[in-house]
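S.K.: after the sequence you'll find the predicted model.
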Amino acid sequence: MEQFQYQQGSLACEGVALSEIAATYGTPVYVYSERSIRERFEALEQAYASVPHLVCYAMKANDNLSIVRLLAGLGAGADIVSGGELFRARRAGVPADRIVFAGVGKSRAEIAQAIDEDVLLLNVESMDELDAISEVARQKGRVARVAARVNPDVDPHTHPYISTGLRKNKFGVPADRVIEVYRRARDDQYLHPLGIQMHIGSQLVHVQPIADAVERLVELVHRLRVEGVDLHYVDVGGGLGIRYRDEEPEGPTDLAAKILPAIRELGVTLLCEPGRYIVGASGALLTRVLYRKENGAKKFVVVDAAMNDLIRPSLYDAYHEIRSVRQCDGEEIVDVVGPICESGDFFAHDRLLPGVQPGDLLAIMSAGAYGFAMASNYNARPRPAEVMVSGTQHRLIRRRETYQDLLRAEEGL
């Protein structure tokens, strides 16, 4: 996380001390580096520059309007998985012809919304869904552009909860049934098969599994051309990993070296759907120490953030580096826990940390992806604020929720 460094003994984001962020906006608070987001997006653009391409930001990672608007201004499209994300993408200024709509369970209402907006592609995950898209398009007298999501049965070697390209996963059309899907789409006047897509999982440290899956897509494109289906887009999904602990993840340049020769030979436009890669290491969750306590030999640091603010450690047993905002002496092994009434409310177990005291600030690193996006109001806790840092400037991009916000959908019914 190059944009989060110690300056004069205090952790800063770009040119702003995190202690200043906490004093201005309170805690817990998510802090994002605009420079980091820009640099990550530019790395993708440079890696794929030698072929026609479109980077569709995976909004499920972090759908804050300011972040999506920033990326749209840089030329990004959007990868969406719900009608709500489509609504947010359009409100943030993403052109409809730069949006791809994925998801294994789109409702007919969402399909209709996508057709009305005229998105670039609807990704098809089953024959039933293809029939539903055709039916909605027929009712509207429109032609829907579609791409089949292929399940290539490739092991991504990642956490089982974020693996999506194995036969046992719920996602995509099995590779041996894809031709059947395209034949039906080819013969349907309300469908235009224009692309092919796959996404095998998230937080992939090595790119070879993606390259293996792309090789299967290329074979399918050649077979489909024999069938009279000429595809214009090959969508390789997302999944590029970031460093949470001691990983040394390969990046877009490594992937480009493996897949671009085949993409270039096909003469198609490359689509990719990065999310975590762009925003994951660009954000941190800032939290304040409330108390210290000991249960026998066990030491706990209790903070004001909780699993409702960042659920990844509780959900995946995920590791996030934790830094003290002020550089301090001494080290001890502690559990960092939140105030929620669950033993699963933790950020770290048996972690070696500096000897922080009540009132000190901690930064939970690499929290820009699947942090606020997965936050909830569990235990009637208002969700935290979000702040964007640009150089020496900072601004609020989502206000902290209030108790009244917790009641808005219920009162007055």
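M.R.: Structure received. Numbers count the residues shown, from 1 in each chain.

S.K.: residue farthest from the centroid of the protein?
M.R.: Residue farthest from the centre of the chain, counting by Cα atoms, centre = their mean, is G296 at 40.0 Å.

S.K.: quick check: it vs V334, distance?
M.R.: Computed with Cβ to Cβ, to the nearest Å, the distance linking G296 and V334 is 14 Å. Placement of C-beta: from N, CA and C, glycine included.

S.K.: what ranges do the helices span in the stretch 101-250 of the chain?
M.R.: Remark: helices assigned in the stretch 101-250 of the chain by DSSP state H, counting those that start in this stretch are 108-117, 127-140, 178-186, 208-226.

S.K.: look at E42 and tell me its secondary structure.
M.R.: Recorded secondary structure, E42: helix (DSSP: H, G, I helix; E, B strand; the rest coil).

S.K.: can you report how many residues lie near it?
M.R.: As a burial measure, E42 scores 11 neighbours (other Cβ atoms under 10 Å).

S.K.: now do the contacts for it.
M.R.: Residues in contact with E42 (Cβ atoms under 8 Å, 6 or more residues apart in numbering) are L74.

S.K.: repeat that for I242.
M.R.: Residues near I242 by Cβ under 8 Å, 6+ apart: 203, 249, 276-277, 280-281, 366, 369.

S.K.: in helices only, show me those residues.
M.R.: When DSSP state H defines the helices, the subset of these inside them is 276-277.

S.K.: quick one, which of the contacts of I242 are buried?
M.R.: 203, 249, 276-277, 280-281, 366, 369 (16 or more other Cβ atoms under 10 Å).

S.K.: just the closest of those residues to H222, please.
M.R.: Closest approach to H222 among the buried ones among the contacts of I242 (Cβ to Cβ): Y277, at 29.1 Å.

S.K.: about what we covered before: farthest pair within the buried ones among the contacts of I242?
M.R.: P249 and A369 (13.3 Å).

S.K.: what helices and strands are in contact with the top strand by length along the chain?
M.R.: Assignment by DSSP state E gives strand 283-295 as the longest strand of the chain. Strand 283-295 sits against helix 18-25, strand 29-33, strand 298-303, strand 361-364, with contacts defined as 3 or more Cβ pairs under 8 Å, 6 or more residues apart in numbering; DSSP states H and E.

S.K.: of all residues in the protein, which one is nearest the centre?
M.R.: Short answer for the chain (Cα atoms, centre = their mean): A61, at 2.2 Å.

S.K.: count the residues that sit near G412.
M.R.: G412 has 6 neighbouring residues, counting by other Cβ under 10 Å.

S.K.: repeat that for Y291.
M.R.: 12.

S.K.: and the gap between it and F347?
M.R.: Y291 sits 15 Å away from F347, going by Cβ to Cβ.

S.K.: and the gap between K258 and A211?
M.R.: From K258 to A211 the distance is 4 Å (Cβ to Cβ).

S.K.: helix or strand with the lowest mean pLDDT in the protein?
M.R.: In the chain, no helix or strand scores lower on mean pLDDT, DSSP states H and E than strand 173-174, which sits at a mean of 83.

S.K.: verify the stated contact: A147 with V124.
M.R.: Yes: using Cβ atoms under 8 Å, A147 is in contact with V124, at 6.9 Å.

S.K.: show the contacting residues for the closest residue to the residue nearest to the centre of the chain other than its chain neighbours.
M.R.: Nearest residue to A61, sequence neighbours excluded (Cβ to Cβ, 6 or more residues apart in numbering): G275, at 3.1 Å. For G275, the contact set (Cβ under 8 Å, 6+ apart) comprises 57-62, 79, 202, 238, 369.

S.K.: measure G275 to P358 for me?
M.R.: With Cβ to Cβ as the criterion, G275 and P358 are 36 Å apart.

S.K.: next one: R38
M.R.: Distance, R38 to P358, using Cβ to Cβ: 37 Å.

S.K.: what of D405?
M.R.: Distance from D405 to P358, counting by Cβ to Cβ: 28 Å.

S.K.: cool, and G15?
M.R.: Counting by Cβ to Cβ, the gap from G15 to P358 is 28 Å.

S.K.: what of F101?
M.R.: In terms of Cβ to Cβ, F101 sits 48 Å off from P358.

S.K.: the two: which has the busier surroundings?
M.R.: F101 (27 against 12).

S.K.: how about the contacts made by that one?
M.R.: The neighbours of F101, taking Cβ under 8 Å, 6+ apart as the test, are 80-81, 86, 110, 114, 119, 121-123.

S.K.: which strand residues bridge it?
M.R.: Beta-bridge pairing for F101 (DSSP bridges): I80, L122.

S.K.: want to try a markdown table for the helices and strands packed on strand 283-295, with mean neighbour count and mean pLDDT as columns?
M.R.: Listed next are the helices and strands packed on strand 283-295 as a markdown table, based on neighbours: other Cβ atoms under 10 Å; pLDDT from 0 to 100:
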| stretch | mean neighbour count | mean pLDDT |
| --- | --- | --- |
| helix 18-25 | 18 | 98 |
| strand 29-33 | 27 | 98 |
| strand 298-303 | 19 | 96 |
| strand 361-364 | 25 | 98 |
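
S.K.: find me the pLDDT at P274, would you?
M.R.: Looking at P274, its pLDDT reads 96.

S.K.: and it, which of the three is it?
M.R.: Following three-state DSSP, P274 is assigned to coil.

S.K.: give me the neighbour count for the closest residue to it other than its chain neighbours.
M.R.: Counting by Cβ to Cβ, 6+ apart, G238 is the residue found nearest to P274 once chain neighbours are left out, at 4.6 Å. Look at G238: counted by other Cβ under 10 Å, it has 25 neighbours.

S.K.: in contact with G238, which residues?
M.R.: 58, 79, 199, 202, 272-277.

S.K.: quick one: which of those is nearest D128?
M.R.: Closest approach between the contacts of G238 and D128, by Cβ to Cβ: H199, at 19.8 Å.

S.K.: contact partners for Q357?
M.R.: 289, 292.

S.K.: quick one: the strands in the stretch 251-400 of the chain?
M.R.: Applying DSSP state E, counting those that start in this stretch to the stretch 251-400 of the chain gives strands spanning 269-272, 283-295, 298-303, 322-324, 331-337, 346-354, 361-364, 385-390, 393-398.

S.K.: before we move on, the earlier item: tell me how far the longest strand of the chain lies from the chain's centre.
M.R.: Remark: strand 283-295 is offset 26 Å from the chain centroid, using Cα atoms, centre = their mean, to the nearest Å.
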